[in-house]
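A.B. asks: let me see the structure of the following:
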Amino acid sequence: MTFQRKELGVQGEEKALEYLTSKGYKLVGQNVNFFCGEIDLLMQDKDTLVIVEVKTKSSDIFGLASDMVTLKKKKKLLQLGKALSQKFPNKTVRIDVIAIDKENIEHIVSAVEE
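C.D. replies: Model (predicted):
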């Protein structure tokens, strides 16, 4: 991964965190590692733990940021959701996507479900 792509990703996560906290979400963790992958942002929305996948694009030449959540990525997010549910059995777990295209932020609630 190039430095520019890594930096774009970091900036996207910062924007997503700012956006979600302004909506009342609480940060639980950032770049949380599990055996099956990494959670970009782990947030709490009332009594629900929310896995947030952040996708950021600086150009729409090859599609939108939301298009970057492929079938493979969805399967990985579902695995992470199951792992999180096992770790916190008394919590509801949801998977959201924050798609950032240039300056536009799209929050897709319950973006990945079984």
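
A.B. asks: what about the residue nearest the centre of the chain, which helix or strand?
C.D. replies: Computing the C-alpha centroid of the chain and ranking residues by Cα atoms, centre = their mean puts residue 53 first, at 1.6 Å. For residue 53, the element it lies in under DSSP states H and E is strand 48-57.

A.B. asks: name the residues that touch the host helix or strand of residue 95?
C.D. replies: Assigned by DSSP H and E, residue 95 belongs to strand 92-101. Here strand 92-101 makes contact (Cβ atoms under 8 Å, 6 or more residues apart in numbering) with 12, 15-16, 19-20, 41, 45, 47-57, 60, 64-66, 68-69, 77-78, 80-81, 84-85, 105-113. Any C-beta I mention is one placed from the backbone N, CA and C, and that applies to glycine too.

A.B. asks: any of those residues buried? List them.
C.D. replies: 12, 15-16, 19-20, 41, 45, 49-57, 65-66, 69, 77-78, 80-81, 84, 105, 111-112 (16 or more other Cβ atoms under 10 Å).

A.B. asks: just the pLDDT for residue 1.
C.D. replies: For residue 1, the model assigns a pLDDT of 59.

A.B. asks: now the helices for the protein?
C.D. replies: With DSSP state H as the criterion, the chain has helices at 3-22, 71-87.

A.B. asks: all set now, cheers.
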